[in-house]
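K.L.:
task: produce atomic coordinates for the following.
(one chain, ligands or ions: 1)
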Amino acid sequence: MLQTNKKFKLRILFSFVLIAAGIYLFKSTDTRERQVTVIQTSDIHSVVIGKKGGMLKLAAAVKKCIKENGGYDKCLLVDCGDLFQGTFEGAETKGQITVPIFNKIQFDAFIPGNHDFDFGRKSFIKLTEQLNCDIIAANLKVKNICSKIIPWKIYKKNGKKIAVIGMTNPNIDYWLWGKRYKGIKVVPIEKVLRKTLTEVLDRKPDFIILAAHQGLYQSKRYPKGSNLINIAWKFPQIDLILGAHSHKTIPGKLLAGRTVFVEPGAYAEYFSKIKINFKNTKKRISTRIVSTAAYKPIKMNNKINVLEKLKNSKLENISNKDRPVCNLIPFAMKRYAKTQAAICSISKNRNKLRIKNYGDLFKLIPYEDKVIVIYLTGQELKLLTKKYLEYIKNCKYKTLLIAGLQIDYKNLKKTDSIKLLSKNRKIFIRNDKVYSVAVNSFDMAGAGNRLELLRKFGKDNSVKKIETNIFIRKALLKFINIHKCMRF
Ligand SMILES: [Zn+2]
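P.N.:
Okay, the predicted model is just below:
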């Protein structure tokens, strides 16, 4: 139940009121004061039950909010993506665990996020077709999808026309590589926004929302045209931007002097509550972030208990005494892909994880990346390792793991960021020979445009590559299981 004491008031992180003085495209004849409440979630990342949040608590919190604000007819519910992936439960069910709870909340619109494609195009289609709401993304095309992805929609709420323009993350291509993702096409937001907005304005909406799986700040590594601050300046017709992806809680920020931006954090710990007050030609917007922590989770029949049990079941043959388990990842990649070498990187905070059960193994490798085999000449391989070393040097939170290769470190200070493994079976790279190397599919996509050379190799048909069916997490599990009584 909602606590009405001071503690709860403290949880409302921020609230502000904006008066949009009669800047409007047409004169409304409706003089009655009307209110519409927008409820926004994002980056739920398949968290069903969490200490501070989760979908079951969110369902209870949203239900109460809807009741207090005049019911579904006066509330607009939008989720801004990254729903299906992110937990052990999400991975085991390929996102399915989230679907019934999401439908129970009765969202109006879902904007896909980058991680919603992680299980591949076919899974994305299967999952989104089960959602009982509109899928909105003007900058996304998915091949062979039956239920249509629409660019925008006008919702009639409390007699007012609220337009929602959806945009998925425009940089998916820099993270996902392989057959699974063929037939998914995204473009920068600005490329489609002008045309979409013209269509929307033709319908004379009372309020325009841009709902994007995109944070307020975008790294310079990515293509231009999706920076939301610039978009707010260029498209003053947009009243409200619902952001996502950065996992930040931004309870209300004014962009370009008139557009309100909100972002509700992640893991269903918060939702954004935006009240729009319409009176004559004026629109007053007040925003806040509401915590779901204090709510009692709703009861639902799902597989969560079975999955919890599996998550906590112990992994045999594992010892953390001598070396971190992550050191085994390139060995597992190399062994099952049958390559001469393997290169991968891992976040330093995962590096030292104690691995006891299946849940820990998921935490070590939380993504659905596959092993890709690439064939490179000695010269190309030398260049690639050099680029990997530069990447790790610039990306301070990552460690590079290399198995099977001898690298010239003359000009490099040895740090804990680089681990050369299997020192006694190393290969001395010769320029004229061709080598088989196992890499991660995420790296092949360019690791968020940090590994441009590998991205180039990934797109170059003259460079031989084989996409294996080996998922890196599964390869590691198999490797651990085979090596009985292992101490490493
Ligand atoms: Zn995201």
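
K.L.:
partner strands of the strand or helix carrying residue 271 and their direction?
P.N.:
Taking DSSP states H and E as the criterion, residue 271 maps to strand 270-279. Using DSSP bridges, strand 270-279 pairs in its sheet with strand 34-41 (antiparallel), strand 282-291 (antiparallel).

K.L.:
mind listing what's buried in the very next helix or strand once past the longest one?
P.N.:
Tracing the chain past strand 282-291, the next element assigned as helix or strand by DSSP H and E is helix 304-312. Of the residues in helix 304-312, 304, 307, 311 count as buried by neighbour count, 16 or more other Cβ atoms under 10 Å. (Glycine included, C-beta is placed from N, CA and C.)

K.L.:
just checking, what packs against whichever helix in the chain runs longest?
P.N.:
Longest helix of the chain, by residue count under DSSP state H: helix 378-394. Helix 378-394 sits against strand 341-347, strand 398-403, strand 434-440, helix 452-459, with contacts defined as 3 or more Cβ pairs under 8 Å, 6 or more residues apart in numbering; DSSP states H and E.

K.L.:
now the element after the longest one, going C-ward?
P.N.:
Downstream of helix 452-459, the first helix or strand assigned by DSSP H and E is strand 465-471.

K.L.:
helices or strands up against that following strand?
P.N.:
Using 3+ Cβ pairs under 8 Å, 6+ apart, strand 465-471 sits against helix 329-337, strand 370-377.

K.L.:
quick one, which of these is nearest to residue 169?
P.N.:
Closest approach to residue 169 among the helices and strands packed on strand 465-471 is made by strand 370-377 (20.6 Å; Cβ to Cβ).

K.L.:
on that earlier part again, okay, the strands paired with strand 270-279 in CSV with mean pLDDT next?
P.N.:
Below are these laid out as CSV (pLDDT from 0 to 100):
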stretch, mean pLDDT
strand 34-41, 98
strand 282-291, 96
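
K.L.:
which of these sits closest to the ion?
P.N.:
strand 34-41 (13.2 Å; Cβ to the ion).

K.L.:
wait, is residue 350 part of a helix?
P.N.:
Yes - under DSSP: H, G, I helix; E, B strand; the rest coil, residue 350 falls within a helix.

K.L.:
count the neighbours of it for me.
P.N.:
Residue 350 has 17 neighbours, counted by other Cβ atoms under 10 Å.

K.L.:
contact partners for the residue lying closest to it once chain neighbours are set aside?
P.N.:
Leaving out its chain neighbours, the residue that sits closest to residue 350 by Cβ to Cβ, 6 or more residues apart in numbering is residue 364, at 5.4 Å. Taking Cβ atoms under 8 Å, 6 or more residues apart in numbering as the contact definition, residue 364 lies against 325, 326, 346, 350, 353, 355, 473, 476.

K.L.:
cool, and residue 192?
P.N.:
Shown in contact with residue 192 (Cβ under 8 Å, 6+ apart): 138, 139, 151, 167.

K.L.:
mind checking pLDDT for the residue nearest to residue 350?
P.N.:
Residue 364 carries a pLDDT value of 92.

K.L.:
and it, what are its phi and psi?
P.N.:
phi -70, psi -40 (degrees, to the nearest 10).

K.L.:
against the ion, how distant is it?
P.N.:
Shown here: residue 364 relative to the ion, a distance of 20 Å by Cβ to the ion, to the nearest Å.

K.L.:
any weak-confidence spans in this protein?
P.N.:
Residue ranges of the chain with pLDDT under 70: 1-30, 317-323, 406-428, 483-488.

K.L.:
pick out the residue in it sitting closest to the ion.
P.N.:
Closest residue of the chain to the ion, Cβ to the ion: residue 245 (3.8 Å).

K.L.:
from the buried residues of helix 304-312, pick the one nearest residue 438.
P.N.:
residue 311 (27.7 Å).

K.L.:
before we move on, back to that, so which of the contacts of residue 364 are in strands?
P.N.:
Among the contacts of residue 364, the members found in strands (DSSP state E) are residue 346.

K.L.:
among the contacts of residue 364, which are in helices?
P.N.:
With DSSP H as the criterion, helices contain 350, 473, 476 from among those.

K.L.:
can you tell me which of the residues you listed is nearest residue 177?
P.N.:
residue 473 (16.9 Å).

K.L.:
kindly reformat the helices and strands packed on helix 378-394 as CSV containing distance to the ion and mean neighbour count.
P.N.:
As requested, the helices and strands packed on helix 378-394 are exported to CSV (distance: least, Cβ to the ion, whole Å; neighbours: other Cβ atoms under 10 Å):
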stretch, distance to the ion, mean neighbour count
strand 341-347, 16, 23
strand 398-403, 19, 23
strand 434-440, 18, 23
helix 452-459, 19, 18
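
K.L.:
columns distance to residue 184 on top of the ones you listed, output as a markdown table?
P.N.:
Shown next, in a markdown table, are the helices and strands packed on helix 378-394 (distance: least, Cβ to Cβ, whole Å):
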| stretch | distance to residue 184 |
| --- | --- |
| strand 341-347 | 24 |
| strand 398-403 | 26 |
| strand 434-440 | 19 |
| helix 452-459 | 15 |
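
K.L.:
okay, buried residues for the strand holding residue 271 please.
P.N.:
Here strand 270-279 shows 270, 271, 272, 273, 274, 275, 276, 278 as buried, counting by 16+ other Cβ under 10 Å.

K.L.:
hmm, residue 262 and the third one touching each other?
P.N.:
Pointing back at residue 272 there. Yes - between residue 272 and residue 262 there is a contact under Cβ atoms under 8 Å: 4.4 Å.
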